[in-house]
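Visitor: dropping a prediction and its sequence here:
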2 protein chains.
Amino acid sequence: MRHFDLAVIGTGPAGQRAAIQAAKLGKRVCVIERSRVVGGADTNTGTIPSKALREAALHLTGTSMRGIFGDNYRVKRNITISDLISVSQHVIRREWSVIQDAFERNGVELVWGRARFGDNNLLHIEREEESERLSAERFLIAVGTRPARPEEVPFDNLSVFTSDELLKLERLPKSLIVVGGGVIGTEYACIMATLWVKVTLIEGRPHVLGFLDEEIAEAFQYHMRQHGMTLRLGEKVSKIERAPGGLENGAHVTAMLESGKKLQAEALLYAVGRQGVCAKLDVDKVGLKFDDRERLKVNAQYQTNVPHIYAAGDVIGFPALASTAMEQGRLAVCHMFGAPTQSMPHLYPLGIYAVPEISMVGKTEEQLTEDAVPYEAGVAQNRELARGQLLGDETGMLKLLIHQDTHEILGVQCIGTGATELIHIGQVAMAFKANVEFFVDNVFNHPTLAEAYKVAAHNGLNKLRHV
Amino acid sequence: MRHFDLAVIGTGPAGQRAAIQAAKLGKRVCVIERSRVVGGADTNTGTIPSKALREAALHLTGTSMRGIFGDNYRVKRNITISDLISVSQHVIRREWSVIQDAFERNGVELVWGRARFGDNNLLHIEREEESERLSAERFLIAVGTRPARPEEVPFDNLSVFTSDELLKLERLPKSLIVVGGGVIGTEYACIMATLWVKVTLIEGRPHVLGFLDEEIAEAFQYHMRQHGMTLRLGEKVSKIERAPGGLENGAHVTAMLESGKKLQAEALLYAVGRQGVCAKLDVDKVGLKFDDRERLKVNAQYQTNVPHIYAAGDVIGFPALASTAMEQGRLAVCHMFGAPTQSMPHLYPLGIYAVPEISMVGKTEEQLTEDAVPYEAGVAQNRELARGQLLGDETGMLKLLIHQDTHEILGVQCIGTGATELIHIGQVAMAFKANVEFFVDNVFNHPTLAEAYKVAAHNGLNKLRHV
């Protein structure tokens, strides 16, 4: 029986990062994967495939160049699923080899099979061929989540499906109802609308992406509607019905809302909630508790209620992003082996690959108001920037939230081309407690979108002069 | 006669920024423009049009998506000059209105006409209609440069031309000789090669872009050659001859090299040197001295040899970039009116919009070696990043130069998609004297190219562990 200092369950971002961190600390570590490929939802069904679909859609439809070539510009008129899927297949295959290469280079043992706890330090690894038992001092559960599939929703994976099935569709529906305005629902709603699918999005709360700064959420919803999407906010679905026969027969889906409205479309994407898969790990054998969605609760060091078993990534809940999952995996391992490390949780960025892209770091206006911190907002519109014009980005903006007295930067909100990249300029400045004057003094390449930081700084300082 | 605290001559980036800075300080300021449009070479013949051409070429040829859709992917096969020019016209018009709007909003007086010095505080403004005289306490000369046109080069603006005429060509040549491997020569060489023009680039020095880090220069030259360009490095042109009749008659250009080689092409872009236009300003009336290329020498405060006359932008020489021109204009004005300001000249970035894009900040490996600063390099390849794979960027890389003892970041070198934007993440970190460990601890959005900073940091720290 093989013995390890650490056994990591799951090869998504949290598991990858944790295993490699442990190896770097000189520990004997294995990482266990139950599916036939590495990477978890990030690589195979979630982050990466949806971004590949997004890139392909923006390019093939000509959306990314429409600001320059005009509103009727198209690269390709009849876009098929296979045009789109080939892109993500290509990228997914590359990711597999990058991940496996990283495991090998760092001496991380990759173990294929389904893990089940036997006792406190024992895992059963089940495979179709011979099974195995292995023991470890410590464990990290990074098994991720899968889309919730409530019994009352009539899934058939053709006309009523979750995000896992969306990439396996044989053709694009003409119309789509998206239930759920979280990250997954909004990202796919935007991608489908880009592909000229008629999209209706239903969200129970008054805004999509409830964690956003309100001005950004408002701008985003405005663009979604301009883009042709119908938003049904503050509405709940009471019933979903499916006509028999699937898409081939022209059948349709009906969503009844609690308000009495009846919505119809060719297909429906159900994107409300995701749930863990902890029960299958036999975690009860070691006294590990999970919630009603099979998710685990951890302390600030990512320990579960069983101290030598840690958990990280989607299985522990919000924000359920690949970026934070990696960081959680790293911090968990540093804690379990007593390695010193720094963490800046107040500076974790949020990145949403919608159309347009959205990213933020630090506080929103609403949080600052609630905390009674006096602030001013400095804003730059991408259309004011030469680079914004070159990209034809008429909609992007960057907002710096500035402390009225100290001029410290308290938050950065960004929507538009490259938002998820650009946010890091502000994030680094915030890490060093920069004042907004820093961006006035800094020289930026021209023409870049990064110049938005200077424009926003000037705008903010102009307003502060009148306070 | 109108009187001003400051008269700025030229509405390019240096002049714009200077005038607006003076207005912000409450000064009465005018800005004088001799052409019929604002913006100078930046907007009208240089930076912006070339970047618009570059964006259009990368998109229409499909180059930017070829990593994903395959090497034979094309968006449009027969690309005409008018496909390309319409993009830059659109952007140029937008820039005019952005600039004029900024002048108006800030109360900067825009004066049309040609300026000539009358005496120490007097300018004659000449126009076809009525001329005018105006006086000012101080002056800023920001008249830029124009391409050098040596007498021995047989310019006809059809088959032998400078960058100013390139955007006015009626059709793309099949083959092009580019003389000069500086910023302008290399940028246009790359754009033309992207458009399937057969390009030969001649540069007298052993590398193009002599200021680059050698590893980056090497990578760049490798990509230029892979892209189909022929590089003739360390070679000088002894004679350029033109067959009569221009392009319509299938005429060609011959460039003789000192080494005896004879190169032929349909057209030749002469991109060696630019020169000022100071003589026309009658600067001798105020005792102002210029060099043999009509450029002005300034001190660290951007004062010429006549203390109340400042100069900024291309007219004072290297680096002759819009970004630094703006900063020079700002600093000159802050100095002349005694406004406190900060400047970080060691952190001015360099941005080259070649294919691929290149940017750097801080020191190169060669500079550090010469200064005897012990360093290690941490490198990330874009193909290691999920975002690099999504973009199909097989060639990009980011290099952090790290002090071996203190781990401080001493320089960032970047080549590939978005280099001119991404460099600013490292630039901000350097401004706050960040150690490379900062990027290990920082959380980046996933998938982004910004993650290259984390990968490069790990790579550098791995190497440092073995020192």
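Guide: In hand now; what should we look at?

Visitor: so what pLDDT did A:Leu385 get?
Guide: Per-residue pLDDT puts A:Leu385 at 93.

Visitor: and for A:Leu58?
Guide: According to the per-residue confidence, A:Leu58 scores 87 in pLDDT.

Visitor: now the one 3 residues further on
Guide: Reading off the confidence values, A:Thr61 has pLDDT 81.

Visitor: given the strand or helix carrying A:Ile240, what are its sheet partners and their directions?
Guide: Using DSSP states H and E, the element containing A:Ile240 is strand A:237-242. When pairs are called by DSSP bridges, strand A:237-242 turns out to pair with strand A:253-257 (antiparallel).

Visitor: buried residues of the strand it pairs with, list them for me.
Guide: Of the residues in strand A:253-257, those buried under the neighbour-count criterion (16 or more other C-beta atoms under 10 Å in any protein chain shown) are A:Val253, A:Ala255. C-beta here means a position set from N, CA and C on the backbone, and glycine is covered the same way.

Visitor: helix or strand next in line after it, which one?
Guide: Moving toward the C-terminus from strand A:253-257, the next element (DSSP H and E) is strand A:262-265.

Visitor: next structured bit after that following strand?
Guide: strand A:267-270.

Visitor: show me chain A divided up by domain.
Guide: As given by automatic domain parsing, the domain ranges for chain A are A:2-147+A:275-345, A:160-272, A:356-464.

Visitor: which parts of the stretch 51-200 of chain A are strands?
Guide: Defined through DSSP state E, counting those that start in this stretch, the strands belonging to the stretch 51-200 of chain A, from first to last, are A:109-112, A:114-119, A:122-126, A:132-141, A:146-147, A:160-161, A:175-179, A:198-203.

Visitor: out of those strands, which is the most enclosed?
Guide: Per residue and on average, the most neighbours among the strands of the stretch 51-200 of chain A fall to strand A:175-179, with a mean of 25 (mean count of other C-beta atoms under 10 Å in any protein chain shown).

Visitor: looking only at pLDDT, what's the mean for it?
Guide: For strand A:175-179, the mean pLDDT works out to 97.

Visitor: distance from it to the middle of the chain?
Guide: Strand A:175-179 has its average C-alpha position 20 Å from the chain's average C-alpha position, going by C-alpha atoms, centre = their mean, to the nearest Å.

Visitor: walk me through which strands that strand pairs with, and which way each runs.
Guide: The partner list of strand A:175-179 in its sheet, established with DSSP bridges, is strand A:198-203 (parallel), strand A:267-270 (parallel).

Visitor: using JSON lines, lay out these together with mean pLDDT.
Guide: Below are the strands paired with strand A:175-179 laid out as JSON lines (pLDDT from 0 to 100):
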{"stretch": "strand A:198-203", "mean pLDDT": "97"}
{"stretch": "strand A:267-270", "mean pLDDT": "96"}
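
Visitor: what would the ones you listed look like in JSON lines with distance to A:Gly378?
Guide: Putting the strands paired with strand A:175-179 into JSON lines (distance: least, C-beta to C-beta, whole Å) gives the following:
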{"stretch": "strand A:198-203", "distance to A:Gly378": "30"}
{"stretch": "strand A:267-270", "distance to A:Gly378": "38"}
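
Visitor: circling back: for the strand holding A:Ile240, buried residues please.
Guide: Neighbour counts over strand A:237-242 (16+ other C-beta under 10 Å) mark A:Val237, A:Ile240, A:Arg242 as buried.

Visitor: who touches it?
Guide: Counting contacts by C-beta atoms under 8 Å, 6 or more residues apart in numbering or on different chains, the residues outside strand A:237-242 that touch it are A:152-154, A:156, A:159-160, A:179, A:202, A:251, A:253-258, A:268, A:270.

Visitor: how near is the residue nearest to A:Arg2 when sequence neighbours are not counted to chain B?
Guide: Spatially, and ignoring its direct neighbours in sequence, A:Arg2 is nearest to A:Leu134 (4.7 Å; C-beta to C-beta, 6 or more residues apart in numbering or on different chains). With the distance defined as C-beta to the nearest C-beta, to the nearest Å, A:Leu134 ends up 28 Å from chain B.

Visitor: what's the answer for A:Ile402, then?
Guide: With distances taken as C-beta to the nearest C-beta, A:Ile402 is found 16 Å from chain B.

Visitor: ok, now which ones touch the residue lying closest to A:Asp213 once chain neighbours are set aside?
Guide: Sequence neighbours aside, A:Thr364 is the residue nearest to A:Asp213 in space, at 3.8 Å (criterion: C-beta to C-beta, 6+ apart). Remark: with contacts taken as C-beta under 8 Å, 6+ apart, A:Thr364 is in contact with A:Phe211, A:Leu212, A:Asp213, A:Glu214, A:Leu401, A:Gly411, A:Gln413.

Visitor: out of everything not next to it in sequence, what's closest to the fifth one?
Guide: If I follow you right, that is A:Leu401. Leaving aside its sequence neighbours, A:Leu401 sits nearest to A:Gly411 (C-beta to C-beta, 6+ apart; 4.0 Å).

Visitor: looking at this, that neighbour is in a strand?
Guide: Yes. The assignment for A:Gly411 (DSSP: H, G, I helix; E, B strand; the rest coil) places it in a strand.

Visitor: wait, doesn't it sit right on A:Gly362?
Guide: Yes. Proximity of A:Gly411 to A:Gly362 meets the contact threshold set by C-beta atoms under 8 Å, at 3.5 Å.

Visitor: identify the contacts common to the two.
Guide: Counting by C-beta under 8 Å, 6+ apart, the residues touching both A:Gly411 and A:Gly362 are A:Leu401, A:Met430.

Visitor: how far away is the residue nearest in space to the middle of chain A from A:Ser135?
Guide: Among the residues of chain A, the one closest to the centroid is A:Leu321, at 4.3 Å (C-alpha atoms, centre = their mean). Taking C-beta to C-beta, to the nearest Å as the measure, A:Leu321 and A:Ser135 are separated by 32 Å.

Visitor: equivalent analysis for A:Leu400, please.
Guide: When C-beta to C-beta is the yardstick, A:Leu400 and A:Ser135 sit 52 Å from each other.

Visitor: coming back round to it: any of the contacts of A:Thr364 buried? List them.
Guide: A:Leu212, A:Asp213, A:Leu401, A:Gly411, A:Gln413.

Visitor: mind putting these into JSON lines with distance to B:Arg34 and pLDDT?
Guide: Shown next, in JSON lines, are the buried ones among the contacts of A:Thr364 (distance: C-beta to C-beta, whole Å; pLDDT from 0 to 100):
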{"residue": "A:Leu212", "distance to B:Arg34": "48", "pLDDT": "96"}
{"residue": "A:Asp213", "distance to B:Arg34": "45", "pLDDT": "96"}
{"residue": "A:Leu401", "distance to B:Arg34": "43", "pLDDT": "98"}
{"residue": "A:Gly411", "distance to B:Arg34": "45", "pLDDT": "98"}
{"residue": "A:Gln413", "distance to B:Arg34": "42", "pLDDT": "98"}
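
Visitor: over to A:Asp291: give its phi and psi.
Guide: phi -90, psi -170 (degrees, to the nearest 10).

Visitor: A:Met344 now?
Guide: Per-residue torsions, A:Met344: phi -130, psi 70 (degrees, to the nearest 10).

Visitor: please report how far it lies from chain B.
Guide: The gap separating A:Met344 from chain B is 7 Å, by C-beta to the nearest C-beta.

Visitor: was I right about that residue contacting A:Lys433?
Guide: No. Here A:Met344 does not reach A:Lys433: they are 11.5 Å apart, not a contact under C-beta under 8 Å.

Visitor: close to chain B, is stretch A:162-170?
Guide: No. For a cut-off given as C-beta under 8 Å from any C-beta of the partner chain, stretch A:162-170 has no contacts with chain B; the smallest distance is 14.7 Å.

Visitor: done for today, thanks.
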